[in-house]
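Student: Would you be able to build a 3D model of this:
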Amino acid sequence: MTTRPVADLLVTLAEPTLAPQPGTRERLLRSVLDAVRSDPAAQADRTAALDRSRSRFETRVRGAVMNAS
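Tutor: Below you'll find the predicted structure:
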């Protein structure tokens, strides 16, 4: 360690770690996402949104195939 504590801190922060500990924001975000994934209403909303998205895609593809003929 040198007599320059800020330089030592910067060197320590720059060293790669194998598994960095998640910060407060990361833990909060992970908790929120876990809660949303386990909520039945949110799952139903996601399924409905996926179905709507797929139906629009199929409509666009069918239209493009018909126009290409």
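
Student: so where do the helices sit in this structure?
Tutor: With DSSP state H, the ranges of helices along the chain come out as 5-14, 24-38, 40-68.

Student: What average pLDDT does the shortest one get?
Tutor: Going back to what we said before, that points to helix 5-14. The average of the pLDDT scores along helix 5-14 is 67.

Student: Local confidence estimate at Met1?
Tutor: 49.

Student: ok, now Arg56?
Tutor: 78.

Student: One more: Thr47?
Tutor: For Thr47, pLDDT reads 90.

Student: Over to Ala44?
Tutor: As predicted, Ala44 sits at a pLDDT of 90.

Student: So what's the residue count around it?
Tutor: By other CB atoms under 10 Å, the residues close to Ala44 number 10. Where C-beta positions appear, they are placed from N, C-alpha and C, glycine not excepted.

Student: ok, now Val36?
Tutor: Val36: 13 neighbours (other CB under 10 Å).

Student: so what's it up against?
Tutor: Residues near Val36 by CB atoms under 8 Å, 6 or more residues apart in numbering: Ala42.

Student: separation between it and Arg56?
Tutor: Distance from Val36 to Arg56, counting by CB to CB, to the nearest Å: 23 Å.

Student: Repeat that for Asp39.
Tutor: Taken as CB to CB, the span from Asp39 to Arg56 is 25 Å.

Student: Same check on Arg30?
Tutor: 31 Å.

Student: With Pro40 instead?
Tutor: Separation of Pro40 from Arg56 (CB to CB): 25 Å.

Student: Compare neighbour counts for these two and give me the winner.
Tutor: Arg56 (10 against 7).

Student: And that one, how close does it get to Asp34?
Tutor: Distance from Arg56 to Asp34, by CB to CB: 29 Å.
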